[in-house]
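J.: attaching a predicted model along with its sequence, questions to come.
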Amino acid sequence: MISHRQGNAQRISALDERAEALHLKRDMGIADARAMHPSIDIVEADPEADRRLLEGLADWCDRYTPLVALDGADGLFLDVTGCTHLFGGERVMLDDILSRFFHQGFDVRAGLALTPGAAWAAARFCGDRIIAGGEEEALLAPLPLAALRIAPEIRASLESVGLRTAGAVMAAPRAPLARRFGASLLLRLDQALGRLDEAVSPRLPVAPLSVERHLAEPVTLTEDIERLVGLLATTLKTDLERRGEGARSLALLLFRVDGAVSRIALGTSRPMREPMLIQKLFHERLAALEQDIDAGYGFDLVRLSVLAAAAFDMPQTDLIGETTDDGADIALFADRIRARLGEGAILRPVAVESHLPERAVAIIPFTEAPRRTTPPKRPDRMQAPMTIFPPERPIRLFRAPEPIEVPATEMPEGPPLHFRWRRALYRVTRAEGPERIAAEWWREAPSDAAISTRDYFRIEDADGRRYWLYRQGLYGGVSRIAPRWFMHGVFA
Amino acid sequence: MAMNAVARETVFALRRQIAKIEGTLPERLQAPAAAPLDADANAIAKPDLTPGADLTIVRRGKAAALPDAFLPIGVERLDAALSGGLPKAALSEIHGLETRDAGAVAGFALSLTSLILKQAQGLPVLWIGTTEIFREAGFPYAGGLHASFGIEPGQLLFSEAPRLLDALWVAEEAARMTALAAVILEIRGNPQRLDLTATRRLHARAISAGRPVFLLRQAAEPEPTAAPVRLIVSPAPAVPRATVAGPLAGSIGRPAFTITIGKSRTALPGQFTLEWNPDERAFDERRGEEKRTQRTENPVPVVSLSRGRKDPAAAPGAVLAFPAVGGSPTARDQPSPGQRATHLGPRRAG
């Protein structure tokens, strides 16, 4: 028995047959139930886990149709339009679904109809029925109002005027119904009867292309999965070629015999359709995920989907039939690294128009064509203002500037004489600066401009190491906060 | 030094023997017999090799047989000591003694990369590092790399791996790519995983691809690896900037490094102070004497930097000290900040 908290009381939210046989009911107080039957088992409801389970089932239902939608907390919509012939007809498909769920240990009711509303009503109130087109009205007429998927308040007020079945509502004149109970009642009614279209919004975006293979004998070995990926990719290639496209993002779905679904997605730097390369990428990804994928009793359905595709440019070959394209090598290399180590494993710097050193270079994951953060201006965008001597910049920059202790400076605004950084004392022999860098007022408005102003110094210590230090804040600012010193970078 | 010479003799004898066993032809290199390769610091006695000493050194690997198998560093003595420069298709170790020397070590590796990019223009450079080293020594900053080494941000690729194993895997994958100009692998300390086998794999891939792999090892002890060359880099004080009116006192000029050869095919020891010229993108060697005297003479800036001003406007460019020209009024007696005339305020150059 599952309990949940409603208001101040623990109430029963779900119960099994044996509990029902004891005349316990939903929404009964736990205290009452205990008083009647002290030996009952009560488990706290976990809506999160229920949700996860339902999503897992939805993933699994992906094997029947890509259009799977969640329905409330306990239902799934499957749009099987055009899919039933793949499974040998509606009846066979429905039986297959029900028997597979039964073997997984679920008690499932299913209904199949032309409209989502009718299917919903059939599943919940008739059980395992296939409603042919035109039979919706006959199906709904004897059913209670709950079968119309309307809000409880509307249902209560309909019942209060004596309309207790869907048939009674359908027989009533429409205009007064709409006036009294709102448009939603008629909307639901029309949707159930197929007068209005209702779209089922799928959980996952529908892949433009997917190929799959049902396996009589489940596979467990990673090598077998990789070989299957190669085979599927070969099939995919012809489809992609027909569309003149290449895959930018691919997903491999592995349906385990017992219902768990593993979804392995990867992106590519440039459109790709070569089966060998796709297999190579999935090889890296599977190698990285070796621990996470539990083959269990094996996978009986393997599907390869193209999640995103882009126009594919055929490379020009020379007379020997070879192409010389270094970019392709780099792109493939980057894809493999990312497939194995994650999206951020290979990075590239991009110049950003900012004078703050840490913002001037953004590090973004590698993509073939970098998205421009700013419109292209001059080829030498790195040197923001044209000066005869561009300000020197360090070759390494600390992610977060590290605070240093500066006991004394020769003069208040000058460079330090000594400083302590990472528990070591450094003697400054020479210094260049200051280079003043103020905060970007158009991004954030500091309360006191003097606090966020930095004076940078190039420092050389007694051993010849060159550092980039800065003093944050000015002496005698408005807020009277003493300036602090930071180590920000290292020069060659 | 004599001991050193004996050691070399032994090394060469052993190499000849290896060549005989392997059946490869020993190759004669133009390594100087008794060149004064030691730096001025310890150049008291020249290595007294016997005049007829056989300097046969075996180069192995097919890539080494190519005419442009070596990257000349551009400094005669160092190139001679390395018998032509750094091998291009090989793993080269660049060591730093402490993590705080990371700037110098990275700077030297980048200078070498810059030299390579002169020949292989436009190819990207991949810099692989563990999360640890990027946190400890700072992430490479593309803004500085462009200005000092001429490496465009579009040419740079970084790979940050949380584990050493992943970093090594990326490096191995990258080492066999001919589409990369160079691979820099940066590791801190002496991890057990980076052993002879791991380096041999990297070296083998570098040889077959014909591209250099620079193994930057920060705060590491030298240990046996497959790299034919190991250079130990430490920072060297820079000379002041050169101006028309002579060196600019108190300024920090071009980056300088002290290079010690830890291991090479020729087994010649040596220590060199190199200076990187960012404009020419070339190395200059600095002979020690004149530099040293300058530093003792001029340890502090003659002209004090900006002071006494309440809120000076942010100036574009670096604020540099005024050159110490004889007879300049600012150089002699500095008035205290309070009574300083405004027109005598520190002047900006650049």
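T.: That came through fine.
J.: for the chain, which helix is longest?
T.: You didn't pick a chain, so chain A it is. helix A:222-243 (DSSP state H).
J.: looking at chain B here, not the other one
T.: helix B:2-22.
J.: output that one as PDB, nothing but the C-alphas.
T.: Coordinates of each C-alpha in helix B:2-22 appear next as PDB, following Å, rounded to 0.1, in the frame of the first residue of the first chain:
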ATOM      1  CA  ALA B   2      87.700  14.500 -18.200                       C
ATOM      2  CA  MET B   3      85.300  12.100 -16.600                       C
ATOM      3  CA  ASN B   4      82.700  13.500 -18.900                       C
ATOM      4  CA  ALA B   5      84.700  12.800 -21.900                       C
ATOM      5  CA  VAL B   6      85.300   9.300 -20.800                       C
ATOM      6  CA  ALA B   7      81.600   8.800 -20.300                       C
ATOM      7  CA  ARG B   8      81.000  10.000 -23.800                       C
ATOM      8  CA  GLU B   9      83.500   7.600 -25.200                       C
ATOM      9  CA  THR B  10      81.800   4.800 -23.400                       C
ATOM     10  CA  VAL B  11      78.400   5.900 -24.700                       C
ATOM     11  CA  PHE B  12      79.600   6.100 -28.300                       C
ATOM     12  CA  ALA B  13      81.300   2.700 -28.000                       C
ATOM     13  CA  LEU B  14      78.100   1.200 -26.700                       C
ATOM     14  CA  ARG B  15      76.100   2.900 -29.500                       C
ATOM     15  CA  ARG B  16      78.500   1.500 -32.200                       C
ATOM     16  CA  GLN B  17      78.000  -1.900 -30.600                       C
ATOM     17  CA  ILE B  18      74.200  -1.500 -30.700                       C
ATOM     18  CA  ALA B  19      74.400  -0.500 -34.300                       C
ATOM     19  CA  LYS B  20      76.500  -3.600 -35.100                       C
ATOM     20  CA  ILE B  21      74.000  -5.800 -33.400                       C
ATOM     21  CA  GLU B  22      71.000  -4.100 -35.100                       C
END
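J.: counting by contacts, list what that helix packs against.
T.: If you count contacts as 3 or more CB pairs under 8 Å, 6 or more residues apart in numbering or on different chains; DSSP states H and E, helix B:2-22 packs onto strand B:56-57. C-beta coordinates here come from the backbone N, C-alpha and C atoms, glycine included.
J.: name every strand pairing with the helix or strand just after the strand it packs on and say which way it goes.
T.: Using DSSP states H and E, the helix or strand that follows strand B:56-57 in sequence is strand B:70-71. Sheet pairing of strand B:70-71 (DSSP bridges) gives strand B:86-87 (antiparallel).
J.: quick check: mean pLDDT of the longest helix of chain B?
T.: Here helix B:2-22 scores 76 as its mean pLDDT.
J.: got the residues of the stretch 1-150 of chain B near chain A?
T.: Residues of the stretch 1-150 of chain B found near chain A (CB under 8 Å from any CB of the partner chain) are B:100-104, B:106-108, B:110-111, B:123-124, B:134-135, B:137-149.
J.: for residue 283, give me the pLDDT.
T.: With no chain named, the answer covers chain A. pLDDT, read off for residue A:283, is 90.
J.: the chain in question should be chain B.
T.: 92.
J.: so who does residue B:225 touch?
T.: Each residue near residue B:225 by CB atoms under 8 Å, 6 or more residues apart in numbering or on different chains is listed here: B:91, B:93, B:194-196, B:199, B:215.
J.: list only buried entries from those.
T.: The neighbour count (16 or more other CB atoms under 10 Å in any protein chain shown) marks B:91, B:93, B:194, B:199, B:215 as buried among the contacts of residue B:225.
J.: spatially nearest residue to the third one (excluding sequence neighbours)?
T.: Excluding its sequence neighbours, the residue lying closest to residue B:194 (CB to CB, 6 or more residues apart in numbering or on different chains) is residue B:187, at 5.9 Å.
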